[in-house]
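[1] Pasting a predicted model and its sequence here:
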Amino acid sequence: MTQKEIISSREIKSTMIHRSFIFIAAACVFVWLVTRCSIQYMNAQSTGVLMAGLWIFLGFYFASCVNAAKWQVATAAGSGVISFFLFEMISDHVLAQGNSRGMYGVEGNLFWVIFIGGAVMILSVLIALLILRKITARDIVLLIMVLSFWTRITIVLYTPITHMYQHDMAFFTNDKFYGTHDTYILYTLKNWRLLDADVRDYAQFYQPPLHYFLAAFVVKINSMIFSSQAANYEVIKIIPLFCSTACGLLIYKLIRYFRISGPGVVFTMCLTMFFPEFLILSASVNNDAVSVFFAFFAFYYALLWYRNPKMRYILLTGAGIGLSMMGKLSGGLIAVPIALIFLAKLCYQINPKARAAEEGYGRENIKISGLIGQFAAFAGITFPLGLWFPVRNLIRWGVPLGYVNTFEISNVQDVSGYSALERILLPAKGLSSEVPFVLFNEDAKDYQLFLALSKTALFDEKMFQQDSFFMTAGSLMLLLFQIIALASVICLVVFLIVDIRRGTYRYEACAMMALFITEMISYVGFCLKYKAVCSMNMRYVVPAVIPMLYMLARGISALNRRREKEGIKGLAVKITLYGVCSLVAVFSLLTLIFYGTYWIYFVKTGAGIFD
């Protein structure tokens, strides 16, 4: 890679994404105000407002892409009023069709209007821009993000916050010390202080408090604005909706950090924005989403700091690690690859020849004294933010720093009868190949770590065995995902070797590998220590997708650069490129259909909140 291809300091400055975060936050607030984050609070008017908001945004965006005149822009804005009445009329019609089965009641009919209407609008803009040839790769990525965000809204609206749809949740019925995430939130909402007792006696109260105070704050604000909905805890989903969407944006910025463009960024972002784990996180009201977001945030700013070692970058990195640990203590794992980045920068500054090479690659240098000062500032933020809560519990009640709440493992979850070799290396036996979902049965249960990791990455711990469409689509999604994941791991190894030899992204590549290895070691160790099916969930190692997505983007980009070659090699490159891109596109489309229509499963089967 030439020096011209390396990101300059000026380009790094332009990658500040605070404005994008503000825009995502504003969109989430709009969704909250209109929908209250649940279909049960919606009617024809609120549906019209929601759809009109999307219409106006797409109208302005389309006008900007085609360099429209001012009167055309005004027309695009004014048409939003027409769209409101149009969708209100459509919503009135579908509501008049009567109750749907399952938990949604008559409001469940609105899903047809929201998901299908929104998807058609977004795809229409994309197709129109392609026909007019007024679109760039960046525009395609943005519209993919919008479509993904709209799918997340649908998921937020149809996913309840009660126990059978969440992890470690009850029914938000009391603030007693039952020890689930909802009682933690209710206790915080009532008392606005930490539990003054040994957290080992109260299950989920061992978790750091950041998410729970944020959740309580959102519920309080909602009750102040909508006094008749003081008990609407569904609004908590606005937090994971923001976090999961912002994670996608951070992945995009990480890919662009390495100057990847064209098909590499488009198809990787397609996979990222429709990666099921991120969609699932968008409606998960436990503390996973908050911790994952700040871990992504910290890693991104650590890379920026490595290229341009400014104080604000390292402070943001430290704040990201600390806040990730305040969300969930395991968020501190992101500090391992970041420590490697810091060590690399220190080594380069000590060696004059290496320092000169760094400047040649567009990386700025810093005096050793300044570097030590930044490290001290980093420690001054990270350690207090990340460790104050476990240290408090250690000092007051002797709770070990790495304490994890344990539970009695039921027979349907117990995998202690399988050896470490069977669980890590050997193929799974005794499991039906026709069921792509995680199995919890005494006769047959998932025990193989990486098979369970793949299943939970796609479907969490949900099962859809009562419907043939979801069974078939799920099986195909699992097959495609395993192929894509294998390709990403191969790229991870290949490009690590390439980068070490060339030196361009040597330490960034090592940091990516360190991130992947750290998360996988943590995952394997956790699963072997806590021998339950639910311990093998992808939600415990979400940051591992960062290096896999990045390496997939590099692989596609490398193939795209070589597709003009002639002969057998050129043909092989083209077949591989088109094959990988097709796999990603089909997988993303299946995910869109699967999770966009997830609610139909509950309507068709009559499943409900109290079943």
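    Perfect, thanks for sending it.

[2] Would you map the helices across the stretch 451-600 of the chain?
    Ranges of helices in the stretch 451-600 of the chain, per DSSP state H, counting those that start in this stretch, are 468-502, 506-529, 545-561, 567-596, 598-605.

[3] low pLDDT regions in the stretch 501-611 of the chain?
    Filtered on pLDDT under 70, the stretch 501-611 of the chain yields the residue ranges 503-504, 604-611.

[4] what about 50?
    608-611 (pLDDT under 50).

[5] Which residue is the nearest non-sequential neighbour of Trp305?
    Leaving out its chain neighbours, the residue that sits closest to Trp305 by CB to CB, 6 or more residues apart in numbering is Tyr313, at 3.7 Å. C-betas here are computed from N, CA, C, even on glycine.

[6] from what I can see the one you found touches Tyr301, true?
    Yes. The criterion here is CB atoms under 8 Å, and Tyr313 meets it with Tyr301 at 5.3 Å.

[7] Which one's more surrounded, those two?
    Tyr301 (25 against 21; other CB atoms under 10 Å).

[8] residue contacts, the spatially most central residue of the chain?
    The structure's the chain has its C-alpha centroid closest to Phe278; by CA atoms, centre = their mean the separation is 3.4 Å. Going by CB atoms under 8 Å, 6 or more residues apart in numbering, Phe278 touches Ser244, Cys247, Gly248, Thr272.

[9] I figured the third one was touching Thr272, is that so?
    This means Gly248. Yes. Judged on CB under 8 Å, Gly248 makes contact with Thr272 at a distance of 5.4 Å.

[10] For those two, indicate the residue with more neighbours.
    A direct count of neighbours by other CB under 10 Å for Gly248 and Thr272 places Thr272 higher, at 28 against 23.

[11] Identify the spatial nearest neighbour of that one, chain neighbours not counted.
    In space, and not counting its chain neighbours, Thr272 is closest to Ile251: 4.8 Å by CB to CB, 6+ apart.

[12] May I ask which helix or strand encompasses the one you found?
    Per DSSP states H and E: Ile251 is located in helix 238-257.

[13] list the buried ones in that helix?
    By neighbour count on 16 or more other CB atoms under 10 Å, the buried set for helix 238-257 is 238-257.

[14] How about stretch 518-537?
    Neighbour counts using 16+ other CB under 10 Å place 518-519, 522-524, 526-527, 531-537 of stretch 518-537 among the buried residues.

[15] tell me the contacts of the closest residue to Ala511 other than its chain neighbours?
    Once flanking residues are discounted, Ala511 sits nearest to Pro337: 4.3 Å by CB to CB, 6+ apart. By CB under 8 Å, 6+ apart, the contact list for Pro337 reads Phe299, Ala302, Ala511, Met512, Ala514, Leu515, Thr518.

[16] Confirm Pro337 sits in a helix?
    Yes. Under DSSP: H, G, I helix; E, B strand; the rest coil, Pro337 sits within a helix.

[17] Quickly note the distance from it to Pro543.
    For Pro337, the distance to Pro543 equals 9 Å [CB to CB, to the nearest Å].

[18] now Cys491
    Applying CB to CB to Cys491 and Pro543 gives a distance of 18 Å.

[19] Please apply the same query to Asn174.
    Computed as CB to CB, the Asn174 to Pro543 distance reads 35 Å.

[20] remind me which residues of the stretch 1-150 of the chain are low pLDDT?
    Along the stretch 1-150 of the chain, the parts satisfying pLDDT under 50 run over 1-15.

[21] Show me the one of the helices of the stretch 451-600 of the chain that comes nearest Ile372.
    Among the helices of the stretch 451-600 of the chain, the nearest to Ile372 by CB to CB is helix 506-529 (19.1 Å).

[22] just checking, what packs against the closest one?
    Secondary-structure packing of helix 506-529 (3 or more CB pairs under 8 Å, 6 or more residues apart in numbering; DSSP states H and E): helix 288-307, helix 335-350, helix 420-424, helix 449-459, helix 468-502, helix 545-561.

[23] Check those helices for me and report the most buried one.
    Ranked by mean neighbour count, these are led by helix 288-307 with a mean of 26 (mean count of other CB atoms under 10 Å).

[24] how close does Asn109 get to Ala44?
    Distance, Asn109 to Ala44, using CB to CB: 10 Å.

[25] Repeat that for Cys247.
    According to CB to CB, Cys247 stands 33 Å off from Ala44.

[26] May I have the phi/psi pair for Lys445?
    The phi/psi pair for Lys445 (degrees, to the nearest 10) reads phi -140, psi 150.

[27] That one bridge partners, please.
    Phe440 (DSSP bridges).

[28] From Asp460, how far off is the residue nearest to Ala511?
    26 Å.

[29] Ala44 now?
    Ala44 is 32 Å from Asp460, where distance means CB to CB.

[30] Same check on Ile368?
    Between Ile368 and Asp460 the computed distance is 48 Å (CB to CB).

[31] So the two - more neighbours on which side?
    The neighbour comparison of Ile368 against Asp460 (other CB under 10 Å) goes to Asp460, with 22 against 10.

[32] That one against Leu279, yeah?
    No. With contact defined as CB under 8 Å, Asp460 does not reach Leu279; the gap is 9.8 Å.

[33] And the closest residue in space to Glu519 that isn't next to it in sequence, how far from Phe87?
    Counting by CB to CB, 6+ apart, Glu519 lies nearest to Ala544, which is 3.9 Å off, once chain neighbours are set aside. The spacing between Ala544 and Phe87, counted by CB to CB, is 40 Å.

[34] Between these two, which has more neighbouring residues?
    Higher neighbour count among Ala544 and Phe87: Phe87, with 25 against 21, using other CB under 10 Å.

[35] Assign the closest residue to that one other than its chain neighbours to helix, strand or coil.
    Leaving aside its chain neighbours, Phe87 sits nearest to Met51 (4.0 Å; criterion: CB to CB, 6+ apart). Using three-state DSSP, the structure places Met51 in helix.

[36] One more: Lys134?
    Under three-state DSSP, Lys134 falls in the coil class.

[37] Enumerate every residue touching it.
    Cys65, Val66.
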